[in-house]
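1. I'd like to go over a predicted model; first the sequence, then the structure.
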Amino acid sequence: MTAGLWIVGVLAVLLAALYIRVNQYGAPPVKLLLKTLASLAFVCLGLLGAARAGGAYAWLVWAGLILGAAGDVLLQFMDCRPKEREPFFRAGLGAFLIGHVFYIVAFALLGRVTGWAVLLAAVLFAALFLLQFPARMDLKGQKVPVYAYAAVISVMTAFAVLSFGAGARGALVGLGGILFLVSDAILALIFFSPLRGKHLPTWNLIAYYAAQILLALSIAVG
């Protein structure tokens, strides 16, 4: 990794940590600004890696990072414009869903995906589906988009887990995929469950930004 990648990587971690801290107490416009900067940081980290490494994998993952950053901003607008929460939620969910499709295609290029991916994805989806019952989730008319998203992220995570063993890149992808799934499971509790705890948003953001930064780093470590 070059000095530039190290610098941007550290900056991405620091901005994510700052946003996570401010997210607990900050005003909505401040949180929107810091979240945008934190997400742009992992996009820039991915761009530096893609410019260095080149190839289909690099640019597919970078596209996924861009869509993730867009989803971040859209979901944050839910706090800034409470009366328009549902359109921003759907748009943000859609951006993340398309981003995961790019990740799926990229991970498939690592050559580690086998028939076990179908079984693993089915198990992960079943776990996410069943989570709604003990957590007493009320999906508030969002069942179709939420279930569709759960299916896509289950496939993404399955492909990521199967990438373990493909060198350093595969390790970063595998860990990043698992953290992404954990982040989204926590986010579902925050949005839809009455059992959400006070610290869940912090754990959600830690897992999320760690996942995106790891995926961005995977671009540079061919």
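-> Perfect, thanks for sending it.

2. From now on I want contacts and neighbour counts done on CA atoms only, so please keep to that.
-> OK.

3. what's the burial count for C80?
-> For C80, the neighbour count with other C-alpha atoms under 10 Å is 16.

4. so who does it touch?
-> Taking C-alpha atoms under 8 Å, 6 or more residues apart in numbering as the contact definition, C80 lies against P28, P29, L32.

5. go again using 10 Å as the cut-off
-> C80 sits next to A27, P28, P29, V30, K31, L32 when contact means C-alpha atoms under 10 Å, 6 or more residues apart in numbering.

6. Three-state assignment for the nearest residue to the last one once chain neighbours are set aside, please.
-> When you say that, I think you mean L32. Nearest residue to L32 in three dimensions, chain neighbours excluded: Q76, at 5.9 Å (C-alpha to C-alpha, 6 or more residues apart in numbering). Under DSSP: H, G, I helix; E, B strand; the rest coil, the three-state class of Q76 is helix.

7. To what extent is Q76 buried, counted in neighbours?
-> If you count neighbours by other C-alpha under 10 Å, Q76 ends up with 22.

8. next one: I7
-> Neighbours of I7 under the rule other C-alpha under 10 Å: 11.

9. what comes up buried for the host helix or strand of L93?
-> L93 is located in helix 85-108, with elements delineated by DSSP states H and E. Using 16 or more other C-alpha atoms under 10 Å as the test for burial, helix 85-108 gives 85, 88-90, 92-108.

10. now do stretch 212-222
-> For stretch 212-222, by 16+ other C-alpha under 10 Å, it's Q212, I213, L214, L215, A216, L217, S218, I219, A220, G222.

11. I figured A148 hits F96, correct?
-> No - here A148 does not reach F96: they are 11.4 Å apart, not a contact under C-alpha atoms under 10 Å.

12. dump the residue contacts of the most centrally placed residue in the chain.
-> Nearest to the geometric centre of the chain sits F180, at 4.8 Å (C-alpha atoms, centre = their mean). Residues near F180 by C-alpha under 10 Å, 6+ apart: 153, 156-157, 186, 204-205, 207-212, 215.

13. Any chance of JSON lines for those, columns secondary structure, pLDDT and distance to R52?
-> JSON lines is the format used below for the contacts of F180 (DSSP: H, G, I helix; E, B strand; the rest coil; pLDDT from 0 to 100; distance: C-alpha to C-alpha, whole Å):
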{"residue": "I153", "secondary structure": "helix", "pLDDT": "97", "distance to R52": "28"}
{"residue": "M156", "secondary structure": "helix", "pLDDT": "97", "distance to R52": "25"}
{"residue": "T157", "secondary structure": "helix", "pLDDT": "97", "distance to R52": "26"}
{"residue": "I186", "secondary structure": "helix", "pLDDT": "95", "distance to R52": "34"}
{"residue": "N204", "secondary structure": "helix", "pLDDT": "96", "distance to R52": "31"}
{"residue": "L205", "secondary structure": "helix", "pLDDT": "96", "distance to R52": "28"}
{"residue": "A207", "secondary structure": "helix", "pLDDT": "97", "distance to R52": "27"}
{"residue": "Y208", "secondary structure": "helix", "pLDDT": "97", "distance to R52": "25"}
{"residue": "Y209", "secondary structure": "helix", "pLDDT": "97", "distance to R52": "22"}
{"residue": "A210", "secondary structure": "helix", "pLDDT": "98", "distance to R52": "22"}
{"residue": "A211", "secondary structure": "helix", "pLDDT": "98", "distance to R52": "21"}
{"residue": "Q212", "secondary structure": "helix", "pLDDT": "97", "distance to R52": "18"}
{"residue": "L215", "secondary structure": "helix", "pLDDT": "97", "distance to R52": "15"}
